[in-house]
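[1] Structural data only, the sequence is not supplied:
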């Protein structure tokens, strides 16, 4: 059973028995579980952004590698296109 469910159970038990301290303890446990989930979600989002930036850099690096440093400029002396075959 996760902390949020435990907190709800404590809050319900406190409401049934009239124990205000137990109700508040349950609410506090639920807030803690929410905060932990938000922190975990923020970390997952941060990790996904890092991975996306890494993939973008790799894509850009591959593009430069494919096109060469001059970005697909043709060889004016031979008339050949230096970019090579395109897909």
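    Perfect, I can see it now. In this text, all values refer to a predicted model and were calculated from it rather than measured experimentally.
[2] Let's verify the residue nearest the centre of the chain: helix, strand, or coil?
    For the chain, the residue nearest the mean C-alpha position is residue 45 (2.2 Å; Cα atoms, centre = their mean). Following DSSP: H, G, I helix; E, B strand; the rest coil, residue 45 is assigned to helix.
[3] From residue 34, how far off is it?
    The spacing between residue 45 and residue 34, counted by Cβ to Cβ, to the nearest Å, is 16 Å. Heads up, the C-betas are built off the backbone N, CA and C, glycines and all.
[4] likewise residue 22?
    19 Å.
[5] neighbour count winner among those two?
    Neighbour count, other Cβ atoms under 10 Å: between residue 22 and residue 34, residue 22 has more, with 17 against 13.
[6] thinking the more buried one is in contact with residue 9, fair?
    No: using Cβ atoms under 8 Å, residue 22 is not in contact with residue 9, being 10.0 Å away.
[7] need the contact list for residue 12.
    Taking Cβ atoms under 8 Å, 6 or more residues apart in numbering, we find residue 12 in contact with residue 26.
[8] Return the set of buried residues in the host helix or strand of it.
    Take DSSP states H and E as the rule and residue 12 turns out to sit in helix 3-17. Residues of helix 3-17 classed as buried by neighbour count (16 or more other Cβ atoms under 10 Å): 4, 7, 8, 10, 11, 14.
[9] what's the answer for stretch 19-37, then?
    Judged by neighbour count (16+ other Cβ under 10 Å), stretch 19-37 contains these buried residues: 22, 23, 25, 26, 29, 30, 33.
[10] who's in contact with the fifth one?
    Contacts for residue 29 (Cβ under 8 Å, 6+ apart) come out as 3, 4, 6, 7, 10.
[11] want to throw these into TSV with pLDDT and distance to residue 61?
    Formatted as TSV, the contacts of residue 29 follow (pLDDT from 0 to 100; distance: Cβ to Cβ, whole Å):
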residue	pLDDT	distance to residue 61
3	92	44
4	93	44
6	95	49
7	95	48
10	94	54
